[in-house]
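Chemist: Predicted coordinates and the sequence they were generated for:
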Amino acid sequence: MLTKIFGSAVFGVEATTITVEVNVAVGVGYHLVGLPDNAIKESNYRIAAALQNNGYKIPGKKITINMAPADLRKEGSAYDLTLAVGILAASGQIKSDSIANYIIMGELSLDGSLQPIKGALPIAFRACEEGFTKFILPEQNAREAAVVEGIEVYGVRNIKEVIAHFDGKEVLQRTIVDHQEEFYSKLDMPEHDFADVKGQESIKRCMEIAAAGGHNIILIGPPGSGKTMLAKRLPSILPPMTLNEAVETTKIHSVAGRTDNSGLMVRRPFRSPHHTISDVALVGGGTYPQPGEISLSHNGVLFLDELPEFKRSVLEVMRQPLEDREVTISRAKFTVTYPSSFMLVASMNPSPGGYFNDPDAPVTSSPAEMQRYLGKISGPLLDRIDIHIEVTPVPFEKLSDSRRGEGSAEIRKRVTAARELQSQRFRETRNTHYNAQMSTRQIREFCALDDASLNLLKNAMERLNLSARAYDRILKVARTIADLDQAANISGNHISEAIQYRSLDRDGWLA
């Protein structure tokens, strides 16, 4: 008897429906074809034990299983439940009248219980697009998949529940998630708050500007000055994610198996990899490509602490994703693309010893040592960071002040208002959503200066020996400062403030 049952394979952040054809005929043998990997080839042992421990068995006949399309490689243990139900249906041990309406996925334990799978959300989207009406998967992934409207999601704990459902002995309970309510109920719950930061008003201002324009930022200062503390609070002042952004972000984390059965992700991700990370772990890849840290920080923040300690090769592979906002991983037989639109926040000490060229510091370094240390960061990478700011230690008077500073909620209101202006400005442009993404042509169009501001910028570049690459960056940041002021045009004050945020471009900064 031949039975067709449906599963799904995930490539990148998209899914492809897999048709599993199970044929039970006279003879002996178990044949699994269709480019399965080792995890799928071993599934017959897990299936046999799971069925035996629940009162069923693999029939002693010739079983041929084809996973179509046969030229597409399938990987992972998530097809265990698909294959087990197909075998039971083809051998007549369960009814299979309505089985064609279902996508079925899940990894089996030897006792028949189900383990969570990766990629439940993109699988649910694809199933809905292709007209499937029902999706059976492990209970741990049910809330994630239930975000998709138009498909009934059933979370199960054991294969017995699936068998009883098809035999009509038990009705599975549908998982229903009001994703609109869940999304909006969690928007204003920042984990960290800027109100906890003592002093550092100028740095907080920088972070506000960076958040408002989506600018990459680097913090330079000695140990204990608050660089990491400030960076961790940046997501709390970024504009709330839209529903589309939340779905995009959740899909990436679903593919990586990091959703934790929480439904939609509504907080912007904050990723902080250690400096020993490899280039593959950062950008994604591997034998079976998985998203890297820059994709997991999509629509959020990627924080690289102690930037010069990262291997140069690791930092250099970020250059293309910072420009294109996506990562393409190519293999001989396929190519996958992961989105990677993130804000880069980096921090570093100004020298190997960690302190500025201060004779009273515990550890001092010569200007040559400091320059050599900074030289570990390439010019092209530094060119993609709009804001450079020096962070100085907080004095005792500020640390001991019991008054709370301005909270993240107040700052976020100003940031959100500035982002709304940018959304209107770039509404006709497909790939530009905020100021940091402006092209040269857009800079000329939206960052026009009057004569006084132009002269100010010219004098500053000449007197401070600013590099040519600083010109566009200053204009972008000035446009964001003007947006925070709700100003239609860039003024001299906006240019003056933006010039302050190019520390590393100043000739003789370390002299």
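Modeler: Noted; the coordinates are in hand. Residues are numbered from 1 along each chain as shown.

Chemist: Quick one: low-confidence residue ranges for the stretch 351-500 of the chain.
Modeler: The stretch 351-500 of the chain contains residues with pLDDT under 70 at 353-365, 399, 468-469.

Chemist: can we see that at 80?
Modeler: Low-confidence segments of the stretch 351-500 of the chain (pLDDT under 80): 351-376, 378-380, 383, 395-405, 430-431, 464-470.

Chemist: tell me which element residue 420 falls in.
Modeler: In the assignment (DSSP states H and E), residue 420 maps to helix 408-425.

Chemist: what does residue 211 give?
Modeler: helix 201-213.

Chemist: Who are the packing partners of that helix?
Modeler: Contact here means 3 or more C-beta pairs under 8 Å, 6 or more residues apart in numbering; DSSP states H and E; on that basis helix 201-213 packs against strand 217-220, helix 227-232, strand 343-348, strand 387-390, helix 408-425, helix 470-484. C-beta coordinates here come from the backbone N, C-alpha and C atoms, glycine included.

Chemist: how about those in a markdown table, adding distance to residue 192 and mean neighbour count?
Modeler: Listed next are those as a markdown table, based on distance: least, C-beta to C-beta, whole Å; neighbours: other C-beta atoms under 10 Å:
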| stretch | distance to residue 192 | mean neighbour count |
| --- | --- | --- |
| strand 217-220 | 16 | 24 |
| helix 227-232 | 5 | 20 |
| strand 343-348 | 13 | 24 |
| strand 387-390 | 19 | 22 |
| helix 408-425 | 8 | 18 |
| helix 470-484 | 22 | 24 |
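
Chemist: In contact with residue 28, which residues?
Modeler: 60-62 (C-beta atoms under 8 Å, 6 or more residues apart in numbering).

Chemist: As TSV, those residues with distance to residue 447, neighbour count and pLDDT would be great.
Modeler: Output for the contacts of residue 28, formatted as TSV (distance: C-beta to C-beta, whole Å; neighbours: other C-beta atoms under 10 Å; pLDDT from 0 to 100):
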residue	distance to residue 447	neighbour count	pLDDT
60	76	9	89
61	74	16	92
62	72	14	94
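
Chemist: Counting only strands, which of these make the cut?
Modeler: residue 62 (DSSP state E).

Chemist: of all the contacts of residue 28, which comes closest to residue 168?
Modeler: residue 61 (25.4 Å; C-beta to C-beta).

Chemist: tell me the domain boundaries of this protein?
Modeler: 2-177, 194-437 (automatic domain parsing).

Chemist: Out of the ones you listed, the one nearest residue 479 is which?
Modeler: Nearest to residue 479, of all those, is domain 194-437, at 5.1 Å by C-beta to C-beta.

Chemist: Return the distance of the closest one from the chain's centre.
Modeler: Centre-to-centre, domain 194-437 and its host chain are 12 Å apart (C-alpha atoms, centre = their mean, to the nearest Å).

Chemist: Distance to residue 225 added to the contacts of residue 28, as JSON lines?
Modeler: JSON lines is the format used below for the contacts of residue 28 (distance: C-beta to C-beta, whole Å):
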{"residue": "60", "distance to residue 225": "72"}
{"residue": "61", "distance to residue 225": "72"}
{"residue": "62", "distance to residue 225": "71"}
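
Chemist: and the nearest residue to residue 213 once chain neighbours are set aside, how far is that from residue 474?
Modeler: Among residues not flanking residue 213 along the chain, residue 480 sits closest, at 3.2 Å (C-beta to C-beta, 6 or more residues apart in numbering). The gap separating residue 480 from residue 474 is 11 Å, by C-beta to C-beta, to the nearest Å.

Chemist: List the residues that contact residue 411.
Modeler: Residue 411 neighbours (C-beta under 8 Å, 6+ apart): 194, 204, 208, 211, 237.

Chemist: now residue 460
Modeler: Counting by C-beta under 8 Å, 6+ apart, residue 460 makes contact with 466, 495-496, 499.

Chemist: what do you get if the cut-off is 7 Å, keeping everything else the same?
Modeler: Neighbour list for residue 460: 466, 499 [criterion: C-beta atoms under 7 Å, 6 or more residues apart in numbering].

Chemist: Could you do residue 316 as well?
Modeler: Contacts of residue 316 by C-beta under 7 Å, 6+ apart are 378, 381.

Chemist: count of residues packed around residue 285?
Modeler: 21 (other C-beta atoms under 10 Å).

Chemist: so what's it up against?
Modeler: Residue 285 is in contact with 292, 329, counting by C-beta under 7 Å, 6+ apart.

Chemist: Going forward, count from 44.
Modeler: With the count now opening at 44, the last piece we talked about shows up as residue 328.

Chemist: Need phi/psi at it.
Modeler: When read as degrees, to the nearest 10, the backbone of residue 328 gives phi 130, psi -150.

Chemist: I'd like the average pLDDT over stretch 221-235.
Modeler: Taken as a whole, stretch 221-235 carries a mean pLDDT of 65.

Chemist: What is the end-to-end distance of it?
Modeler: 27 Å (C-alpha to C-alpha, to the nearest Å).

Chemist: Out of the contacts of residue 454, grab the one that's most surrounded.
Modeler: Counting by other C-beta under 10 Å, top hit in the contacts of residue 454: residue 254 with 28 neighbours.

Chemist: Let me know the pLDDT of that residue.
Modeler: Residue 254 carries a pLDDT value of 95.

Chemist: same deal with residue 550?
Modeler: At residue 550, pLDDT is 49.

Chemist: For residue 150, give me the backbone phi and psi.
Modeler: Torsion angles, degrees, to the nearest 10, at residue 150: phi -90, psi 130.

Chemist: Look up how far residue 206 lies from it.
Modeler: 17 Å.

Chemist: Now do the phi/psi pair for residue 133.
Modeler: phi -70, psi -30.

Chemist: Tell me the spacing between it and residue 208.
Modeler: 18 Å.

Chemist: so which of the helices and strands packed on helix 244-256 comes closest to residue 44?
Modeler: Among those, strand 386-391 comes nearest to residue 44, with 56.3 Å by C-beta to C-beta.

Chemist: Please save the CA atoms from the helix holding residue 463 in CSV.
Modeler: Below are the C-alpha coordinates for helix 451-468, written out as CSV (Å, rounded to 0.1, in the frame of the first residue of the first chain):
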residue,chain,number,x,y,z
SER,A,451,14.7,54.8,28.5
ALA,A,452,11.0,55.4,27.9
GLU,A,453,11.5,59.2,27.6
ILE,A,454,14.5,58.8,25.3
ARG,A,455,12.7,56.3,23.1
LYS,A,456,9.8,58.7,22.5
ARG,A,457,12.2,61.2,20.9
VAL,A,458,14.0,58.4,18.9
THR,A,459,10.7,57.1,17.6
ALA,A,460,9.6,60.6,16.6
ALA,A,461,12.8,61.0,14.6
ARG,A,462,12.4,57.6,13.0
GLU,A,463,8.9,58.5,11.9
LEU,A,464,10.3,61.6,10.1
GLN,A,465,12.8,59.4,8.3
SER,A,466,10.1,56.9,7.3
GLN,A,467,8.2,59.7,5.6
ARG,A,468,11.4,61.0,4.0
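
Chemist: Now do it against helix 244-256, angle only.
Modeler: 40 degrees (axes from the mean of the first three to the mean of the last three C-alpha atoms, to 10 degrees).

Chemist: For the strand or helix carrying residue 484, which outside residues touch it?
Modeler: Following DSSP H and E, one finds residue 484 within helix 483-489. By C-beta under 7 Å, 6+ apart, the list of residues contacting helix 483-489 from outside reads 468, 475, 481, 515, 518-519, 522.
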